[in-house]
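# Requesting a structural model of the entry that follows:
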Amino acid sequence: MVDFIGLLKKEVVPAEGCTEPIAVAYAVSIASEQLGGKPTEVRLRLSANIIKNALGVGIPGTGMVGIEIAAALGAVVRQSEKKLEVLSGFTQEQLAAARALVDAHVVHVEQKATSEALYIEARLTDGADSSRVVIVRDHTNVVRVEKNGEVLVDEPVSVGGGSEDEGTGLTVDSIWEFATTVPFGDIRFILDCVPLNTRVSEEGLQGEYGLEVGKRIGAGADRRGALLNNATLRLMSVTAAASDARMGGCPLSVMTCGGSGNQGIASSLPIIELARMLGSSDEDLARALVLSDLVVLHIKEYMGRLSPLCGSGIAGGTGSCCGITYLQGGGLREIKYAINNMLATLQGMICDGAKATCALKIAAGTNCAIQCSTLALADISPTSKDGIIFDDAEETIKNTGRLMREGFAQTDEAILSIMLAKQLGSK
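Presented below is the predicted three-dimensional model:
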């Protein structure tokens, strides 16, 4: 039997900054805590997905991007107990020390040849002591800690509840049953995402982050809204703005979903904003958010924790589509239609790392969610006669796994190769 509450509490958690470089900082922080002095060398071995998602994203409060500054800060700050908020609250003195480590070329990064999509290995030394930390499959799943060759932590690789070799047991039917019948008091905690993600959205609308996708889309509601109605623009604007801020290094936490802050943004803010427009009750909002989060987690167990496909646009957008469909009176039939509509539309959207243009993909996913929800509520859905879609949305979701394994096996390497070549060409 699925532990829905336990799964939600494990997978819907706050994080400050993009989760891939923050997970690197977390690993380095643990390793640094094992040393007596300041690290003189930080060696990182990372999977392709981690490198891809950490190369071009802003690190909160630093004005810098990338793996090196995240790792250096983790080495200096040493507050691993905060996990994905490990870099919150650092001082200017600590930032200066981290920048000095980067300038001294203390941090070295290499790609790890591994079948694991999420793999982080940090090896540190201060000249006297050495340490090693390994994280696998989940951003905080520490499987190995060593100090001077002595093993302090040795855990099995499997993380359970959505790991690559252990399914969650979720189905669309069971998600719907749980989300619509669980006592409201048991899921009230899911509303914790509302102030967190709304605050980041407001920061993105007010500040000058990234491409300012959310802010500029929002301006269309007043000046250039002929092609889209104001409600659609508003949902796209508030959602994309949060990604603008987060990818631009905004030092505020967001509520993640399935290990990704952008997924958490994409799967919650359209629902939160629509609930405000409709005057929905806290209970209806909570049920819509639970439905959305669980659909995201269900899709991601087939897409993979990290993958060559955009989890925020595809999984996050599909989750929000289900949530806004529910808020508009849709039932299980319409939810399944919404899923099929979304996956028929966005299935090929690639992930080319965490960076400013994530906001573009999230805006597109939100717009698609509105479109697909409208069609689902009008009893429109593709069938098994249409491409890779099945009559049963459950089968459509499951076959995203086959698409990943057989159709996108080399995509990540190609994407990373292009990104690294571009980076080297600019030097």
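# now Gln328, nearest residue through space, not along the chain?
Excluding its sequence neighbours, the residue lying closest to Gln328 (Cβ to Cβ, 6 or more residues apart in numbering) is Leu377, at 6.0 Å. For glycine as for every other residue, the C-beta is placed from the backbone atoms N, C-alpha and C.
# what's the answer for Ala23, then?
Closest to Ala23 by Cβ to Cβ, 6+ apart is His139, at 4.0 Å.
# wait, doesn't the one you found sit right on Thr19?
Yes: under the criterion of Cβ atoms under 8 Å, His139 makes contact with Thr19 at 5.1 Å.
# Now for Lys147, how many residues are close by?
Using other Cβ atoms under 10 Å, Lys147 has 17 other residues around it.
# scratch that, Met277
The tally of other residues near Met277 (other Cβ under 10 Å) stands at 12.
# Tell me which other helices or strands the strand or helix carrying it touches.
Secondary structure assignment for Met277, by DSSP states H and E: helix 261-278. If you count contacts as 3 or more Cβ pairs under 8 Å, 6 or more residues apart in numbering; DSSP states H and E, helix 261-278 packs onto helix 193-206, helix 230-247, strand 253-255, helix 282-303, helix 317-327, helix 358-377.
# Name the residues of it that are buried.
Using 16 or more other Cβ atoms under 10 Å as the burial criterion, the residues of helix 261-278 that qualify are 261-275.
# now stretch 346-356
For stretch 346-356, burial by neighbour count (16+ other Cβ under 10 Å) applies to 346-347, 349-356.
# how far out from the middle of the chain is that stretch?
Counting by Cα atoms, centre = their mean, to the nearest Å, stretch 346-356 is centred 12 Å from the centre of its parent chain.
# what does stretch 41-59 give?
Distance, centroid of stretch 41-59 to centroid of chain: 15 Å (Cα atoms, centre = their mean).
# same thing with stretch 61-74?
Distance, centroid of stretch 61-74 to centroid of chain: 18 Å (Cα atoms, centre = their mean).
# what's the distance between Glu155 and Asp379?
To Asp379, Glu155 is 49 Å away according to Cβ to Cβ, to the nearest Å.
# of those two, who's got more company?
Glu155 (13 against 9).
# Read off the pLDDT value for that one.
For Glu155, the model assigns a pLDDT of 91.
# Need phi/psi at it.
The phi/psi pair for Glu155 (degrees, to the nearest 10) reads phi -110, psi 150.
# Name the SS class of Ala113, please.
With DSSP: H, G, I helix; E, B strand; the rest coil as the basis, Ala113 sits in coil.
# what number of residues lie near Lys398?
Close neighbours of Lys398, defined as other Cβ under 10 Å, add up to 16.
# right, and it touches Tyr302 too?
Yes: applying Cβ under 8 Å, one finds Lys398 in contact with Tyr302, separated by 6.1 Å.
# Which parts of the stretch 1-150 of the chain are strands?
Ranges of strands within the stretch 1-150 of the chain are 14-16, 41-46, 58-59, 64-65, 107-111, 119-125, 130-136, 142-147, 150-154, based on DSSP state E, counting those that start in this stretch.
# Would you check that Leu7 makes contact with Leu297?
Yes: if you go by Cβ under 8 Å, Leu7 and Leu297 touch, sitting 6.7 Å apart.
# Mind checking which of the two has more residues around it?
Taking neighbours as other Cβ under 10 Å, Leu7 and Leu297 compare with Leu297 leading, 27 against 19.
# for that one, what are its contacts?
7, 11, 162, 168, 170, 257-258 (Cβ atoms under 8 Å, 6 or more residues apart in numbering).
# again, but for Met277
Counted by Cβ under 8 Å, 6+ apart, Met277 has contacts 231, 234.
# And what about the closest residue to Leu346 other than its chain neighbours, helix, strand or coil?
Once flanking residues are discounted, Leu346 sits nearest to Ile314: 5.0 Å by Cβ to Cβ, 6+ apart. Look at Ile314: counting by three-state DSSP, its state is helix.
# measure Ile314 to Met277 for me?
Ile314 is 25 Å from Met277, by Cβ to Cβ.
# Flag every buried residue along stretch 107-117.
Buried, per 16+ other Cβ under 10 Å, within stretch 107-117: 107, 109, 111-112, 116-117.
# How far does that stretch stretch from one end to the other?
Here the two ends of stretch 107-117 are set 22 Å apart, with distance taken as Cα to Cα, to the nearest Å.
# Can you name the residues in contact with it?
Contacts of stretch 107-117 (Cβ under 8 Å, 6+ apart): 41-49, 51, 67-68, 71-72, 101, 119, 121, 136-137, 164, 304-307, 412, 416.
# Thr383: how many residues sit nearby?
Thr383, neighbours per other Cβ under 10 Å, totals 10.
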